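S.K.: after the sequence you'll find the predicted model.
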Amino acid sequence: MNQSDTSAQKPRGSIALFYGSSTCYTEIAAEKIAAALAPQLQVDIYNIADTAIDCAADYSHIIFGIPTWDYGELQEDWENSWDSIDTINWVGKTVAIYGLGDQEGYPEWFQDALGYLWTKVDSLGARTIGLTSVAGYRFSASKALSPDGQHFFGLALDEDSQFELSTQRIADWCRQIAGEFTK
């Protein structure tokens with residue numbers, strides 16, 4: 001049996017979560033998000049280094065996890081998958097995004113990759129959800145800000161400077177998006 005036959009027979013959850021992670025922090029956040037959404041919502045977790053982003057076409061509800069590297073750059077697995085995002089029909093899909101960044105080490109590029117990904121899927125017709133307040137963060141610039149400058153386009157996590165706040169931020173965001181996915 002080929003791989004496509006196997007994946008077609010695999011039971012699918014209600015939400016797909018795709019992440020790219022070089023240092024494991026985005027992966028750990030993915031696991032925490034899936035646990036926070038359970039048991040009400042089943043989450044299928046995919047590492048885009050191992051699973052093509054095209055698999056997102058099989059889902060209506062999607063969560064993306066993307067870290068920002070260095071000076072506002074994409075993590076390499078996301079960079080390798082970037083053009084494939086354009087091949088998916090995003091109309092009718094609801095997408096929430098979380099990002100990881102370092103607001104003290106890279107304050108002028110904090111969460112830029114989150115902003116790049118949000119802009120891409122939003123422009124392709126996805127319904128985007130999960131905005132969060134910028135309150136409690138210390139950064140000088142970000143491509144992940146809503147037009148009012150008061151919200152991130154998703155959940156902003158900083159495992160370098162504010163690790164102790166991540167668990168509560170994830171719990172709050174998961175309650176929020178669980179309701180937003182069903183609207």
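M.R.: Perfect, I can see it now.
S.K.: any idea of the pLDDT on the residue nearest to residue 47 when sequence neighbours are not counted?
M.R.: Of all residues not flanking residue 47 in the chain, residue 19 sits nearest, at 6.3 Å (CB to CB, 6 or more residues apart in numbering). C-beta here means a position set from N, CA and C on the backbone, and glycine is covered the same way. Looking at residue 19, its pLDDT stands at 98.
S.K.: beta-bridge partners for residue 19, please?
M.R.: Beta bridges link residue 19 to residue 47, residue 65 when assigned by DSSP bridges.
S.K.: what's the lengthiest helix in the chain packed up against?
M.R.: Counting residues, the longest helix in the chain under DSSP state H turns out to be helix 166-181. Taking 3 or more CB pairs under 8 Å, 6 or more residues apart in numbering; DSSP states H and E as the contact definition, the neighbouring helices and strands of helix 166-181 are helix 25-37, strand 94-100, strand 127-129, strand 132-133, strand 155-157.
S.K.: got a list of contacts for the shortest one?
M.R.: Read it as strand 132-133. Outside of strand 132-133, the residues that reach it under the criterion CB atoms under 8 Å, 6 or more residues apart in numbering are 150-152, 154-156, 169, 173, 176.
S.K.: how far does it sit from its chain's centre?
M.R.: Averaging C-alpha coordinates over strand 132-133 and over its chain gives two centres that are 14 Å apart (CA atoms, centre = their mean, to the nearest Å).
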